[in-house]
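Undergrad: Kindly generate the corresponding structure for this input.
(one chain, ligands or ions: 1)
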Amino acid sequence: MGTAQAGQTDTEQVVFPPPPSFSEQAGVCSMQQYQQMWDDAADDPEGFWGRLAKEELYWFHPFDKVLEWNEPYAKWFTEGKTNVSYNCLDVHLDSWRKNKAALIWEGEPGDTRTLTYAQLHREVCKFSNVLKALGVEQGDVVSIYMPMVPELAIALLACARIGAIHSVVFGGFSSEAIAERNNDASAKILLTADTGWRRGSQLPLKETVDKALEKSPTVEKCIVYRRTGSEVNMVAGRDLWWHDLMESASPDCPAEPLESETPLFILYTSGSTGKPKGIKHTTAGYNLYAKMTSRWVFDLKDTDVYWCTADIGWITGHSYIVYGPLSNGVTAVMYEGAPNWPDESRFWDIVDRHQVTIFYTAPTAIRAFIKWGDQHVEKHDLSSLRLLGTVGEPINPAAWMWYHEKIGKRRCPIVDTWWQTETGGIMMSPLPGATPTKPGSCTRPLPGIIPQIVDEKGNELGTGQQGILVITKPWPGMLRGIWGDDDRYKQQYWSTIAHNYLAGDNAMCDADGYYWIYGRLDDVLNVAGHRLSTTEVESALVSHPSVAEAAVVGRPDDVKGEAVAAFVTLSSGDANEDLRKQLKQHVRQQIGAHAQPDDVRFAALLPKTRSGKIMRRLLRDIAAGKETIGDTTTLEDYSVLASLRSDEE
Ligand code: PRX
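TA: Residues are numbered from 1 along each chain as shown. Reported below is the predicted structural model:
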């Protein structure tokens, strides 16, 4: 390995050792220490996780077995009883952390609220009693469609406290998408807000929910948090105001002792079919994994002000705004709004004012900051920062270098964290006091995680060879299934490569044992760090009356990483600008704003092989504006190619 050299351009070859001043104070301070932990976990996984579970979680009743592995079903810490809400809140109340800030929240208009552990505990207990009074019991599903306000975190922790299962639907999803998720999970209660702030205007959350509820027969009650004070329609007997219910709720609600494998939440994510998958996570294993990975990767200290910019609507917010940080008793910042409101310096203003020490964001955000210009960064004092992180997609070395220089001022280690909704927590990442980093690589697996790169037959590939990334051993944070679809769970994750968890990513391991992730192997796009199924967008397009057939592929985008490119053939209507707009809008309505195609191209026919398969590789090349160099002799109709090319937007 070489070391960093000024002016070196081939950044993939550059190695950045942890700054000695960082290592000196770090929890894991050398590669030897990391390697020792990793070896211990690999040699005796049950001993390793069992020890941590005993030390790090509160047990109402001790577990007797660390792992029951009945491939592909894992049960961790069987017979044990614990409670995630207790581990995030109550455990801190007997210590000095009782009056420490748990959440420092900032609203988009600039309003702020700070909740100490004691205050957060009180709110969570009250809301748990609200849920109970409405008949919510252990195992009931509570669907949550809320803005990034403290009440969102309170709702999660209240569900966890009483054993209800939360299913958070990101606030950008459409009414169709909410209804689909409500129905799949048989949600009993839905939580929302009147409207939410977004770049100074208001997102009509309650209005969207009203439409969803017309198609969600299992939902009995809708609790509405008043965020903006906008006028909303309240349906008598169904809709209730959050503040009314809280007014009379008792702050006394002991955490329910819950069996380790009690479901904690469902979180829907896109797979390779049109139907989203409800990824299921359970109590003890998830809690331990979120807690340990937060501590290892972010080197958490009691003095830290930690900020993860994700939305709680995605797994990053679940694990690294709520459960991981709070289990560790850390102070977490939570921000409601957009990074460019009222201007492009908002994030740096927040770092400066709240003296943020750890900052965790997505590569797509970093690329947007680069585009907006360094002047927004330079206006603020970022000297409080000591550690930076990224998540959600591969980070290109140029963005990594900008982050390192402009935000980290060459002082702060960067942790590039690879993981998934399914994995519950970070799987591969540098440990900032130990691991030398290479821009673009998520470096090494965390203790207890044993990845492998294999070919289609499951044979392990050698150094430098690209292949299929699998995880060879169960870990506590792993998904426990797909809600209501066991066959899909087995087929999707455990059948392609026998006895291994299929991550679905294409990756390579280099001579230093560092992993490089190159993107998905399936028809899943990564648009601005969000997973999107091409089939889901195609189904949305063909549900429009003018569309006969649709094919959706990704194309490279400077900021979003990947953009959505759609090719459609029409059954009626004219291939014009108006219809193009309509189709984009239609996808927005069917799925949500993040799924709206960037390009829509009309075609007379879609290029297909003789067996009728759409030639996606060819479409990807066309979408990217590249020459098609592949073998096209199986094209059903060569003329299709030409017409697609000429229909440029
Ligand atoms: O392709 C990988 C990419 O995001 C996928 C998981 O998406 P999701 O379940 O939405 O979770 C995102 C937040 C954890 C992965 O299969 N991905 C995530 N992190 C990285 C990444 N690709 C490269 N580098 C990363 N650090």
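
Undergrad: Helix, strand or coil: sort out Arg113 for me.
TA: strand (DSSP: H, G, I helix; E, B strand; the rest coil).

Undergrad: per-residue pLDDT, the residue of the stretch 301-450 of the chain found nearest the ligand?
TA: Closest contact between the stretch 301-450 of the chain and the ligand, by Cβ to the nearest ligand atom, is at Thr421 (3.4 Å). (Glycine included, C-beta is placed from N, CA and C.) Per-residue confidence (pLDDT) for Thr421: 98.

Undergrad: what number of residues lie near it?
TA: Look at Thr421: counted by other Cβ atoms under 10 Å, it has 19 neighbours.

Undergrad: which ones are touching it?
TA: Leu267, Thr269, Ile279, Trp314, Ile315, Leu479, Arg531 (Cβ atoms under 8 Å, 6 or more residues apart in numbering).

Undergrad: So which of these belong to strands?
TA: Leu267, Thr269, Ile279, Arg531 (DSSP state E).

Undergrad: which residues does the residue lying closest to the first one once chain neighbours are set aside bridge with?
TA: Of all residues beyond its chain neighbours, the one nearest Leu267 is Ile279 (5.2 Å), with distances taken as Cβ to Cβ, 6 or more residues apart in numbering. When bridges are called by DSSP bridges, Ile279 pairs up with Leu267, Ile482.

Undergrad: how close does Ile279 sit to Arg488?
TA: 11 Å (Cβ to Cβ, to the nearest Å).

Undergrad: Comparing the two, which residue is more hemmed in?
TA: Ile279 (23 against 17).

Undergrad: Next one: that one from Pro263, what distance?
TA: For Ile279, the distance to Pro263 - Cβ to Cβ - is 11 Å.

Undergrad: closest to the ligand among the contacts of Thr421?
TA: Arg531 (4.0 Å).

Undergrad: what does the stretch 501-649 of the chain have sitting close to the ligand?
TA: Within the stretch 501-649 of the chain, the positions lying close to the ligand (Cβ under 6 Å from any ligand atom) are Ala503, Gly504, Asp505, Ile517, Gly519, Arg520, Asn526, Arg531.

Undergrad: Let me have those in TSV, extended by neighbour count, pLDDT and secondary structure.
TA: Listed next are these as TSV, based on neighbours: other Cβ atoms under 10 Å; pLDDT from 0 to 100; DSSP: H, G, I helix; E, B strand; the rest coil:
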residue	neighbour count	pLDDT	secondary structure
Ala503	23	98	strand
Gly504	21	96	strand
Asp505	21	97	strand
Ile517	20	97	strand
Gly519	16	90	strand
Arg520	17	91	strand
Asn526	21	93	strand
Arg531	22	90	strand
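
Undergrad: Dump these into CSV; add distance to Leu446 as well.
TA: CSV is the format used below for these (distance: Cβ to Cβ, whole Å):
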residue, distance to Leu446
Ala503, 14
Gly504, 19
Asp505, 16
Ile517, 15
Gly519, 21
Arg520, 21
Asn526, 22
Arg531, 21
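
Undergrad: quick one on the thing from earlier: ok, the residue of the stretch 301-450 of the chain closest to the ligand to Thr112 distance?
TA: 30 Å.

Undergrad: Equivalent analysis for Val537, please.
TA: Distance from Val537 to Thr112, by Cβ to Cβ: 38 Å.

Undergrad: Quick check on the two: which one has the bigger neighbour count.
TA: Val537 (27 against 12).

Undergrad: list the contacts for the more buried one?
TA: Ala550, Val552, Val564, Ala566, Val587, Ile591, Ala595, Pro597.

Undergrad: Ile449: how many residues sit nearby?
TA: Neighbours of Ile449 under the rule other Cβ under 10 Å: 25.

Undergrad: Give me the secondary structure label for the closest residue to the ligand within the stretch 101-250 of the chain.
TA: Closest contact between the stretch 101-250 of the chain and the ligand, by Cβ to the nearest ligand atom, is at Phe170 (10.5 Å). The three-state assignment at Phe170 reads coil, by three-state DSSP.

Undergrad: Can you pull the phi/psi pair for it?
TA: Here is the backbone geometry of Phe170 (degrees, to the nearest 10): phi -50, psi 140.

Undergrad: Would you check how far apart Pro545 and the ligand are?
TA: Note on Pro545: its distance to the ligand, by Cβ to the nearest ligand atom, to the nearest Å, is 32 Å.

Undergrad: Please identify which helix or strand holds that residue.
TA: Assigned by DSSP states H and E, Pro545 falls within no helix or strand.

Undergrad: what does Phe77 give?
TA: strand 73-78.

Undergrad: got a list of contacts for that strand?
TA: So strand 73-78 is contacted by 49-50, 53, 63-68, 260-261, 282, 284-285, 288, 474, 476, 478, 480-481 (Cβ under 8 Å, 6+ apart).

Undergrad: that older thread, for ChimeraX, write a command that selects the buried ones of the contacts of Val537.
TA: Of those, the buried ones go into a single ChimeraX selection, burial set by 16 or more other Cβ atoms under 10 Å:
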select :550,552,564,566,587,591,595,597
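
Undergrad: among the contacts of Val537, which are in strands?
TA: Residues of those located in strands (DSSP E): Ala550, Val552, Val564, Ala566.

Undergrad: How about the contacts made by the first one?
TA: Residues counted as contacts of Ala550 (Cβ under 8 Å, 6+ apart) are Val537, Glu538, Leu541, Val542, Ala566, Phe567, Val568, Thr569.

Undergrad: Can you read off the backbone torsions of the last one?
TA: If I follow you right, that is Thr569. When read as degrees, to the nearest 10, the backbone of Thr569 gives phi -110, psi 150.
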